[in-house]
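>>> Everything below, folded, please.
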Amino acid sequence: MGRKYESLEELRRKKKLLRQEIDGLEDLLTFKNTKESLSAFTNGLTDQYLQEKVDEDGDEKVVLRKDVIAKQITSEIKGALINKNTAMGIAGSAFKGDAVDTLIKLGVTAIVGNYARKSLKSSNWKRKVAGVALIYLAPIALRFVRKKLENYQKNQSVSSMEQLI
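Here you go, the predicted model:
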């Protein structure tokens with residue numbers, strides 16, 4: 001090993017910490033806490049839309065918070081209707097893009113999740129593999145594409161500012 005430990009006790013502490021970290025990651029991957037696992041997979045996107053509730057049997061289950069979704073949709077619609085100049089309103093909301101961006105992310109997550117669930121229920125093994133790949137690879141691919149788009153947008157805004165100056 002490249003690093004020498006000062007004592008065997010230090011090595012045991014590090015081993016214990018690594019095991020705790022691995023156990024935490026296994027809990028996320030096995031969906032023992034559904035809300036926390038979805039939060040980790042979606043980078044916190046679903047946190048505001050999900051709520052944990054206890055049913056009559058004492059089991060915890062995760063439900064959608066329809067009130068938050070409805071408020072976001074109504075505020076977007078109201079904002080679009082209040083704007084007199086719709087072209088400027090659309091450009092302004094596209095520039096701001098908070099609620100619409102969030103709804104688009106939630107929609108993509110729902111579509112991918114539904115397709116993956118249907119694929120996993122299929123009797124065809126190729127579709128099952130595709131469903132598992134979607135569950136594990138889609139969030140990584142979406143994060144990669146999102147970072148590339150953010151970098152592109154940042155570079156474009158910097159270059160347009162340079163042109164103005």
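
>>> ok, the most centrally placed residue in the chain - contacts?
Centrality entry for the chain: nearest residue to the mean C-alpha point is residue 42, 1.6 Å, by C-alpha atoms, centre = their mean. If a contact means C-beta atoms under 8 Å, 6 or more residues apart in numbering, then residue 42 has 105, 109, 139 as its contacts. C-beta: built from backbone N, CA, C; applies to glycine.

>>> got a pLDDT number for it?
Listed pLDDT for residue 42 reads 74.

>>> now do the one 5 residues further on
Predicted confidence (pLDDT) for residue 47: 77.

>>> That one reaches residue 37, doesn't it?
No: using C-beta atoms under 8 Å, residue 47 is not in contact with residue 37; the gap is 11.8 Å.

>>> When these two are compared, which one has more neighbours?
Neighbours were counted for residue 47 and for residue 37 using other C-beta atoms under 10 Å; residue 37 has more, 17 against 13.

>>> what helices or strands is the helix or strand that one falls within leaning on?
Using DSSP states H and E, residue 37 sits in helix 34-41. Applying 3 or more C-beta pairs under 8 Å, 6 or more residues apart in numbering; DSSP states H and E, we find helix 34-41 packed against helix 8-29, strand 50-54, strand 60-64.
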